[in-house]
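[1] Structure of the sequence below:
(one chain, ligands or ions: 1)
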Amino acid sequence: MRQAVVNTLERKLFYIPSFKIYRGVAGLYDYGPPGCAVKANVLSFWRQHFVLEENMLEVDCPCVTPEIVLKASGHVEKFTDLMVKDEKTGTCYRADHLLKDYCKEKVEKDLTLSPEKAAEFKHVLAVLDDLSAEELGAKIKEYGIVAPDTKNPLSDPYPFNLMFQTSIGPTGLSVGYMRPETAQGIFVNFKDLYYYNGQKLPFAAAQIGQAFRNEISPRQGLLRVREFTLAEIEHFVDPEDKSHPKFAHVAGLEFLMFPRELQLSGESAKLVKLGEAVSKGIVNNETLGYFIGRVYLFLTRLGIDKTRLRFRQHLPNEMAHYAADCWDAEIECSYGWIECVGIADRSAYDLRAHSEKSGVPLVAHEKFSKPREVEKLVIVPSKKDLGLAFKGNQKMVVEALESMSEKEAMDMRAALESKGETNFQVCTLGKEVVITKKMVSISMEKKMEHQRVFTPSVIEPSFGIGRIIYCLVEHSFYTRPSLSIPSTHDLANRKMNNSMSSGSLLLLLLSNALCSPW
Ligand SMILES: Nc1ncnc2c1ncn2[C@@H]1O[C@H](COP(=O)(O)OP(=O)(O)OP(=O)(O)O)[C@@H](O)[C@H]1O
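    Numbers count the residues shown, from 1 in each chain. I've put the predicted structure just below:
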């Protein structure tokens, strides 16, 4: 079936391996005319369903990103996959993929497998995304997994950074990267977007654009490529109030959910009402739940078969360390269950990281109706002593001390009390300076506060458009017998409207574009 779908798609120029006359490059694909028409329809429905219906602020940021942005976000250090190398030929493989293929093959094809071993392989498959480099390496050794092409031994797994590096400008001195996600463009614009939104929370910004990842061994056609279209939403919300005014609209939806407890105990996904999942704390908060519901509606209205759609919660180690909760919308196709949308509560991590690195506070304000008396740790810089120590840089050090957070002030007080001095990062100077006891006085004081200043949390649904399109194509092929093939008029140019659901439009467009596939 899959080969038939792939052959048809390539024959009908739905997609084409890029640079084909030069034998192509793994992981790069062009969309041909029917592919472009379907992609345009999917994106137009995405804009209608999210940007317009939810009043989101759409932006369009560059793909080339200066290093400092991706250093602040942690991508330069941590955006890695674990790689193993064929020890003789140097061919690279993704370590978790080799272990997954091995366990899957054992479970599905080895008829001599004992029930205990089958259960063990199934457990490895369930916790695969949770394994550390050491655990992956140990399993690869234990099972005797070798390079699939040559059967040579493999190296230990080690991290490989997936970003494409480039340089900005002719000197080669300014390092840049092709963005691995569109989200960072939104985070760095937070301050302006917040003002544009009348300094009100919550609000969401959205972006559609290309993302680039130097995948170790791209495979599965459109599902794992090195350049792809992402459609991302960053919804900014008060971390102390993650309720959502429209949650009731989606609370009654019931669909397949796969919480981590079910995964770890080897059970399957279950039908759960979204309202129940949130009230029982299976989903961390209402806003995250709201977006899970909206993603479900988007995918099913588009034409995804709801029996082949599930929401899988990330396992504890799989989740980024800063995330509060994370769910993937996974769609079943001939390659198995494929993550097509990641829906994460990224907490305040990104805005905090960019505030620290840039020195620009990316914060929101809540004005109190009446001033409130609060006890606060107050830092009073001694301008005279700081002047003597830092001369022309005194003003920048004073400003940095005055804008310290409560937590930083507490840490500074503890360090000064124990060691008499402490290192202090002054972002505007781009370096750390040494602060001694006599340069600051730190004390608890009662203050009247008129507002609360805080860093918003971010709920992020992130859509892999190519993966969604591929799954849609497969699902429409399965349901094809029930379709009436439309006549020759040009469906590709027809705009979506209320009289026809996007799902049915897509199916019509597909069947027209791909009619008589085999
Ligand atoms: N190499 C890729 N090719 C096509 N789509 C991708 C690729 N990597 C990620 N995506 C899509 O982008 C979305 C958001 O990216 P995210 O960083 O959450 O993916 P990921 O967890 O790294 O994916 P994976 O675990 O499959 O590598 C994913 O849900 C997926 O649909």
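
[2] what helix or strand is the residue nearest to residue 349 when sequence neighbours are not counted on?
    Nearest residue to residue 349, sequence neighbours excluded (Cβ to Cβ, 6 or more residues apart in numbering): residue 322, at 3.5 Å. In this view, the C-beta of every residue, glycine as well, is placed from N, C-alpha and C. Here residue 322 sits in a region with no helix or strand, counting by DSSP states H and E.

[3] The one 5 residues further on now?
    Taking DSSP H and E as the definition, one finds residue 327 inside strand 325-333.

[4] How about residues contacting that strand?
    Strand 325-333 is touched from outside by 258, 283-285, 288, 292, 295-296, 299, 304, 308-314, 318-320, 337-345, 467-468, 470-471, 474-475, with contacts defined as Cβ atoms under 8 Å, 6 or more residues apart in numbering.

[5] try stretch 123-135
    Applying Cβ under 8 Å, 6+ apart, the set of residues contacting stretch 123-135 is 82, 95-96, 99-100, 103-104, 107, 139, 156-159, 263-264, 266, 314-318.

[6] how about the residues of the stretch 401-518 of the chain that lie near the ligand?
    462, 464, 466, 467 (Cβ under 6 Å from any ligand atom).

[7] Looking at those, which is nearest residue 35?
    Proximity of those to residue 35 (Cβ to Cβ) peaks at residue 466, which lies at 9.5 Å.

[8] Thought residue 228 was touching the closest one, still the case?
    Yes: using Cβ atoms under 8 Å, residue 466 is in contact with residue 228, at 4.9 Å.

[9] Of those two, which one has the most company?
    The neighbour count for residue 466 versus residue 228, taken as other Cβ atoms under 10 Å, is higher for residue 466 (24 against 20).

[10] can you pull the contacts of that one?
    Contacts for residue 466 (Cβ under 8 Å, 6+ apart) come out as 29, 222, 223, 225, 228, 229.

[11] mind redoing it with 10 Å?
    Residue 466 sits next to 15, 29, 31, 35, 39, 42, 221-225, 227-230, 340 when contact means Cβ atoms under 10 Å, 6 or more residues apart in numbering.

[12] and what of residue 420?
    436, 437, 438.

[13] rewinding a little: just the contacts of strand 325-333: which are in helices?
    Among the contacts of strand 325-333, DSSP state H puts 288, 292, 295, 296, 299, 467, 468, 470, 471, 474, 475 in helices.

[14] Tell me which helix or strand the closest residue to residue 310 other than its chain neighbours sits in.
    Spatial nearest neighbour of residue 310, excluding adjacent residues (Cβ to Cβ, 6+ apart): residue 256 at 3.8 Å. Take DSSP H and E as the rule and residue 256 turns out to sit in strand 254-258.

[15] who's in contact with that strand?
    With Cβ under 10 Å, 6+ apart as the test, strand 254-258 has contacts from 267-277, 282-283, 292-293, 296-297, 299-300, 306-313, 327-330, 332, 337.

[16] That one pairs with which strands, and in what direction?
    Strand pairing for strand 254-258, using DSSP bridges, gives strand 270-273 (antiparallel), strand 309-313 (parallel).

[17] To the ligand, which of the ones you listed lies closest?
    Ranking those by proximity to the ligand (Cβ to the nearest ligand atom) places strand 309-313 first, at 11.2 Å.

[18] per-residue confidence at the nearest residue to residue 455 once chain neighbours are set aside?
    Once flanking residues are discounted, residue 455 sits nearest to residue 348: 4.0 Å by Cβ to Cβ, 6+ apart. Listed pLDDT for residue 348 reads 95.

[19] Check the one 10 residues further on too.
    Model confidence at residue 358, given as pLDDT, is 93.

[20] re the thing from before, are any of the contacts of stretch 123-135 buried, and if so which?
    Among the contacts of stretch 123-135, those classed as buried by neighbour count (16 or more other Cβ atoms under 10 Å) are 82, 95-96, 99-100, 103, 107, 139, 157, 263, 314-315, 318.

[21] List, one by one, the residues from the protein near the ligand.
    Contact residues (Cβ under 6 Å from any ligand atom) of the chain with the ligand: 213, 215, 224-225, 228, 230, 339-342, 462, 464, 466-467.

[22] in the stretch 401-518 of the chain, what residue is nearest the ligand?
    Ranked by Cβ to the nearest ligand atom, the top residue of the stretch 401-518 of the chain for proximity to the ligand is residue 464, at 2.0 Å.

[23] unless I'm mixing things up, that residue is touching residue 211, no?
    Yes: with contact defined as Cβ atoms under 10 Å, residue 464 reaches residue 211; the gap is 8.8 Å.
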